[in-house]
Every structure is written in structure tokens, then in C-alpha cells.
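Peer 1: kindly generate the corresponding structure for this input.
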Amino acid sequence: MKVALLALSVRGAMGQYLEALVPHLAKRVETHLFVPVHFPGQLDPAFVHSFETGRNWVRAFFRLINPLLARSLWKKIYAIRPTLIHIFSGEGYPWILLISYWVCREKIPIFLTMHDPELHIGCSIWEYANGVLRRLIVPRAHSVHVHSKVFIKSAQNLGAHNVTVIPHGSIAERFTKHYCPDRRREPIALFFGRLEPYKGLGLLVEAGLKLQGKLRIVIAGPGRIPSKVRKVIQEHPEWFELRNCFISDEEVAELFQRASVLVLPYLQATQSSLPLIAAAFGVPVVSTAVGAFVEDVPRVGGILVPPGDASALANGMLEAIGTSPLYPTELEMSALSAKFVEWYRTGLERAIDHQ
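Peer 2: As a prediction, this is how the structure comes out:
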């Protein structure tokens, strides 16, 4: 089996997921990873093929609507004579529209991972366009992968014929390798990640005010903060700590070692790597019951609270402190890669049966 793994979006957590998965996947099947040139490093024993998408969104836009560049990438993919194409990200990008047409014409099976079967609240125009255009791609896929059974119906509504559930794998190792035994727990509730409208930062601040200093809320990550939320944070420096910037892997490890609880106050969610990272550091999790969190958080022994309820969120943070999380080793990429290979094999058998 020869897998062409195509990822047009590799920044942030998407790239971290690839970095964790691909080396283990490549030990099981011949894996050719096609990624933009800004994707870091080599992932032995996989074969990495790079292409230019543009260093900023303007250049990327004009390159991604250029059919000649799409054709050039397709020729690189076709040259390896893949058994299947696995579209890992960017399924609604213009290049994918053309490449999927050429793939189908050559009768090469398409496997598709959908990380966000439902659009997030406050998504960008680019993300919205991706969500619209992928409706042309999803029906062409022989099989579609989602990370939670709660999104099977969403995938089917987008035109998926066969849907497979493989849970979100752990990327915790990239952070736990920076573990420092000298650090001690503090009465801190940690919110970590890119700050986006759907992540419920306003709800978290409201819950922090209700706690009245029983826990210090640390908010860490890049992104925009609503002015009202920032004002409240600045008015209560004794209750809130803000690190509104990129956080290095070493700093992430430091924060998880200091924290007594990880809080996920999301208004809406698909899935996240955070529950598994927290569990790997021994940090309990409290989350609103949205998206895949309804499966992911109980899996690590965390607490779910009703979405939009600041009092329940505050009480959940206090309740979670001192509990012992569970870290499911079966979701490490060394084990989870076997699930992807089984997905490929099952999908290929189904494709042959339908010929």
C-alpha cells in the first residue's frame, strides 16, 4: 500500500497532529506526505514532498486559485502512483477541487479527514469558503474520517457515503518531554490555545469573577480578545493572568505543570488535543458539554458542565481540583496509526467490491 497524504493546512495544531502521526503511520505503510514548504522538518521514515502556497494569505489565495499550480501538484502526486489519496486538511481549497477531479478520473480512491464537520462561530471568510466548497469534495470520497461519533450525521449531511470514527490522537509527547520535576502545582485554572470567538472567553471571565480569587485564571495563547473581556481582566490583575501571545512548547509544559485544572469553556467545539495533553500532565479537565468534548472529556475522567452556565463552570473547576485524570495510552499515535491503516484497508476493499 502506498499512501499519498495531502495537507494544505499545516499551521498550529493541524501541523502538530501531522508531526505526531506521520512517523508512526510511515512505519506501517509507505507514506508520502505532500505539504507546504513552511511545514517544519522531515518525518522519517515518511517521504516528504513540499510545494509553495505563499507566505501570507494574499499570495496563498492567488496561488490556490491558479489551476496550473494545482496541475503541477497533481503531477507530483501521480508520479508516485499512490494506492490511495488521503486528504488530511484543506478539503475545500480550490486546488483540492481540481485534484479530486483528476484523482477520480484515474480511479484512485479518496480518503478524507474532516477536522471541523461544522463551521465554528465567528469563522473567517476563508474558513467559511472552505466549508462551502467542500460540499463538492465530500461526495467524491470513498470514506470520510471524523474524530467523534457525534459528527457522523454532520458528515453525512455534507454528502459523505461511508463515515469512520477514529478518535483524536495524543500529541502530548511534544510537551511532556519538557517536563521539569522542580515545578509545583498552584491554585491555577488554565485556559490555553488560540483565542477564538467560539471558545467562550467571556464565559470563562464571568466564571472567574464568581470564584472571587479561589482560583487564579491563566489565559494563554495568541488571538484577539474582545475589549469588554480585556477590560475585566485588566481591572482584576489579582484574579487573572493574561499571556496573549504565541506560547512555546517549553512554556506550555510549564503552564500545565503549574495548573491545578484545565478549563474548556467553549460555546461550540469539534474536538481538541487539550484533554489528552492535560491528562498526560496529570491535570484534571472541566469543560462545557459541546461537540466531541462529550466523549473526549469523560474519557480522561474530566467533568462536563452545561454550556453557557458560568456558575456551573466555576463550581466544576473547584470540584475538579484534586481529582486524578486518566491518560488513555491507546490514543497515542504509535497505537492509533494502526486504526488509520485499518481504515485504508477496509475502504479499499469496499472500493474494489463496488467496481
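
Peer 1: is it true that residue 278 lies in a strand?
Peer 2: No. Read with DSSP: H, G, I helix; E, B strand; the rest coil, residue 278 is helix and lies in no strand.

Peer 1: what distance do you get for it to residue 252?
Peer 2: Distance check for residue 278 against residue 252: by Cβ to Cβ, to the nearest Å, it reads 11 Å. For the C-beta atoms, the positions are set from N, CA and C on the backbone; glycine is no exception.

Peer 1: pick out whichever of the two has more residues nearby.
Peer 2: residue 278 (26 against 21; other Cβ atoms under 10 Å).

Peer 1: tell me the domain ranges of the protein?
Peer 2: For the chain, automatic domain parsing gives the domain ranges 2-169+332-353, 173-330.

Peer 1: out of those, which gets the lowest mean score?
Peer 2: Comparing mean pLDDT over the domains of the chain, the weakest stretch is domain 2-169+332-353, at a mean of 91.

Peer 1: gap between that one and the chain center?
Peer 2: 13 Å (Cα atoms, centre = their mean, to the nearest Å).

Peer 1: what about residue 29, how many neighbours?
Peer 2: 18.

Peer 1: against residue 138, how distant is the closest residue to it other than its chain neighbours?
Peer 2: Using Cβ to Cβ, 6 or more residues apart in numbering and skipping the chain neighbours, the partner closest in space to residue 29 is residue 1 (4.7 Å). For residue 1, the distance to residue 138 equals 23 Å [Cβ to Cβ].

Peer 1: between those two, tell me which one has more neighbours.
Peer 2: residue 138 (23 against 13).

Peer 1: my read: that one touches residue 162, true?
Peer 2: No. Proximity of residue 138 to residue 162 does not meet the contact threshold set by Cβ atoms under 8 Å, at 11.1 Å.

Peer 1: re the thing from before, hang on, the residue nearest to residue 29 packs against residue 26?
Peer 2: No. Taking contacts as Cβ under 8 Å, residue 1 lies outside contact range of residue 26: 11.6 Å.

Peer 1: look up how far residue 178 lies from residue 186.
Peer 2: Where residue 178 is concerned, residue 186 sits at a distance of 18 Å (Cβ to Cβ).

Peer 1: show me which helix runs longest in this protein.
Peer 2: helix 333-353 (DSSP state H).

Peer 1: put the alpha carbons of that one into CSV.
Peer 2: Extracted in CSV, the C-alpha atoms of helix 333-353 (Å, rounded to 0.1, in the frame of the first residue of the first chain):
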residue,chain,number,x,y,z
MET,A,333,-0.1,7.8,17.7
SER,A,334,2.0,4.7,17.9
ALA,A,335,-1.2,2.8,18.6
LEU,A,336,-3.7,5.0,16.7
SER,A,337,-1.8,4.7,13.4
ALA,A,338,-3.0,1.1,13.2
LYS,A,339,-6.6,2.5,13.1
PHE,A,340,-5.8,4.6,10.1
VAL,A,341,-4.2,1.6,8.3
GLU,A,342,-7.3,-0.5,9.0
TRP,A,343,-9.5,2.4,7.7
TYR,A,344,-7.5,2.4,4.5
ARG,A,345,-7.7,-1.4,4.1
THR,A,346,-11.4,-1.6,4.8
GLY,A,347,-12.1,1.3,2.4
LEU,A,348,-10.0,-0.2,-0.4
GLU,A,349,-11.9,-3.5,0.0
ARG,A,350,-15.2,-1.6,-0.2
ALA,A,351,-14.0,0.3,-3.3
ILE,A,352,-13.0,-2.9,-5.1
ASP,A,353,-16.3,-4.5,-4.3
